[in-house]
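**Q** Got a predicted structure plus its sequence, pasted below:
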Amino acid sequence: METRSSSSRKQIAHRWGNMLGRELTQTYEIGVHTPIRFVLAPRLVVYIVRLQDTRSLDKVLKLGEKLAMLMGAESCRVSRRRGDITFEVSLPKNEWRYINYSHIKEQVKSGMWLTLGVSTTGMPVYCKVTSPRIAPILVAGRTGAGKTEVIKLAIHELLEHNSPDKLKMVVYDPKYKLEQFHRAPHMLMPPLVDTQDTLDGLAWLMYQMNGRMASRDFPYRIVMVVDELLKMMSIDEKAIGATLGELASVGRECGIHMILATQRPDRKHMGAIGKANIGFRLVGETSNTTEATLAAGIGGSGANLLQGRGDFIAALDDSLVRLQAAMIDNVVPYTGDLPLMPKSVGSLVDALSSESQYTPQQVAAGMTMGIMKLKSHLSIGQDRATRIRQYAVDIVEELGELGYILQQ
């Protein structure tokens, strides 16, 4: 039996569809090849149009704001999907429907798959954290876009579908938004919340990556979730940027993966990680078209026209899919003991550096950077960068003997 709400949504869709057809044919003299179809999405009406003459394509793609004003809608995002034009018109807020994780749970995949929500056509949208095309994942959008809900759902799924001996997690959570997961048995170390712990945690991940690359063997996968990426970068922009860039480009080959969240995509900071290293992008509402382009990696995404609160665009290569992210309620906080922090490498670096010609800062940089990045970071010649790098590698080898690398 149809509810009053669904009936109301269909009435709105039919009324707007008639307006859309009339405006295209009469006002803008744009021929439509077949009758206009529509799909009711959780918060949108999606109209699908096939044009008679593709010469009018550029004109149609610029009509979003005018059509939204005509229909009395908040926004209208116009895009091309194969041979069709889609008009995504936002429904009134009192007609919105939200996707609860429990409603799609039977469709959820296991392992390292994430179920993000449903597309505008009602199909579930998945991504696999460990896929070379996907990793690392960027979640971007202004305050209120729904990033935290997406991150919580991702962590919940990973913990639920992977045992602690197969998956370990590292969480950068300076605002304690993810506190319910801090004591999960999968956590490799306590949440990274201050400067020193963050630097030590990243250094430890670099040691792990170097060791795994050498041995080509790893007993478990590691997923690092970073909430507030720009806050992490502000600790030490050059060093953190270089470390994240190397983890993004090399880490996925040895079982280390990242999910990075940021409120404000910034060309300066995003460039430090590198466009080529970001695989899958989940973009929520942005403040303007510049941020939309930086977040999605391509122009014309229309992320600045999104409605927030879980309204996202999934971007992979040049493909864009709009989706309503699922929400998860009542995540029961884990109550186990906090994991121990891997021993700080700071004191060891200071001690060993005091016996050498290199400063602790140079040695620490040598542990986390390759020769070319080290050369640029320290503004030194290649010979000296090579010597510092080799000295740092020798220290890394000593860490295992001294208990500073915890291999589980």
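**A** Yep, it's here. Just so it is clear, the structure is predicted and the values come from calculations on it, not from any experiment.
**Q** buried stuff in stretch 8-21?
**A** In terms of neighbour count (16 or more other CB atoms under 10 Å), stretch 8-21 has its buried residues at 9, 12-13, 16-17, 20. Every C-beta, even on glycine, is put in place using the N, C-alpha and C of the backbone.
**Q** same thing with stretch 50-59?
**A** 51, 56.
**Q** how about the residue nearest the centre of the chain, what does it touch?
**A** Ranked by distance to the mean C-alpha position of the chain (CA atoms, centre = their mean), the top residue is residue 138 at 2.2 Å. Residue 138 makes contact with 260-262, 278, 280-282, 295, according to CB atoms under 8 Å, 6 or more residues apart in numbering.
**Q** Let me have the residues you listed in TSV, extended by neighbour count.
**A** Compiled in TSV, the contacts of residue 138 are given as follows (neighbours: other CB atoms under 10 Å):
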residue	neighbour count
260	24
261	25
262	23
278	20
280	23
281	26
282	31
295	29
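**Q** hang on, the earlier thing: now do the residue nearest to the centre of the chain, the pLDDT please.
**A** At residue 138 the predicted local distance difference test score is 94.
**Q** Against residue 278, how distant is residue 209?
**A** Between residue 209 and residue 278 the distance is 18 Å, computed by CB to CB, to the nearest Å.
**Q** is it fair to say residue 168 lies in a strand?
**A** Yes. If the criterion is DSSP: H, G, I helix; E, B strand; the rest coil, then residue 168 is within a strand.
**Q** residues in contact with the closest residue to it other than its chain neighbours?
**A** Excluding its sequence neighbours, the residue lying closest to residue 168 (CB to CB, 6 or more residues apart in numbering) is residue 188, at 4.1 Å. Under the criterion of CB under 8 Å, 6+ apart, the contact partners of residue 188 comprise 168-170, 222, 339, 408.
**Q** sorry, back to before: what are the bridge partners for the residue nearest to the centre of the chain, then?
**A** Each beta-bridge partner of residue 138 is listed here, defined by DSSP bridges: residue 260, residue 281.
**Q** do you know how far it is from residue 372?
**A** The gap separating residue 138 from residue 372 is 25 Å, by CB to CB.
**Q** before we move on, what about residue 290?
**A** When distances are taken as CB to CB, residue 290 and residue 372 turn out to be 30 Å apart.
**Q** One more: residue 41?
**A** Using CB to CB, we find residue 41 at a distance of 47 Å from residue 372.
**Q** These two - which one has more neighbours?
**A** Set side by side, residue 41 and residue 372 give different neighbour counts by other CB atoms under 10 Å, the larger being at residue 41 (23 against 11).
**Q** Distance of the more buried one relative to residue 315?
**A** From residue 41 over to residue 315 the distance is 18 Å, taken as CB to CB.
**Q** cool, and residue 126?
**A** 15 Å.
**Q** The two: which has the busier surroundings?
**A** Residue environment comparison for residue 126 versus residue 315 gives the larger neighbour count to residue 315, 23 against 14, counting by other CB under 10 Å.
**Q** can I get the CA coordinates of the strand ranked longest in the chain in PDB?
**A** Scanning the chain for the strand with the most residues, using DSSP state E, yields strand 319-327. Output for strand 319-327, consisting of C-alpha atoms alone and laid out as PDB, is shown next (Å, rounded to 0.1, in the frame of the first residue of the first chain):
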ATOM      1  CA  SER A 319      33.400   8.300 -13.600                       C
ATOM      2  CA  LEU A 320      31.000  10.100 -11.200                       C
ATOM      3  CA  VAL A 321      28.100   8.500  -9.300                       C
ATOM      4  CA  ARG A 322      25.800  10.400  -7.000                       C
ATOM      5  CA  LEU A 323      24.700   8.500  -3.900                       C
ATOM      6  CA  GLN A 324      23.000   8.900  -0.600                       C
ATOM      7  CA  ALA A 325      25.300   7.600   2.100                       C
ATOM      8  CA  ALA A 326      24.000   5.200   4.600                       C
ATOM      9  CA  MET A 327      23.800   6.100   8.300                       C
END
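**Q** Pull out the buried positions in it.
**A** In strand 319-327, the ones that count as buried by 16+ other CB under 10 Å are 320-327.
**Q** same question, stretch 371-381
**A** Taking 16+ other CB under 10 Å as the neighbour-count basis, stretch 371-381 is seen to contain the buried residues 371, 373-375, 377-378.
**Q** Between those residues, which sits nearest residue 132?
**A** Residue 132 has its nearest neighbour among the buried residues of stretch 371-381 in residue 373, at 22.3 Å by CB to CB.
**Q** Now do the helix or strand encompassing that closest one: everything it contacts.
**A** With secondary structure defined by DSSP states H and E, residue 373 is part of helix 371-378. Judged by CB under 8 Å, 6+ apart, the contacts made with helix 371-378 from elsewhere in the structure are 238-239, 242, 246, 362, 365-366, 369, 380-382, 385-386, 388-389.
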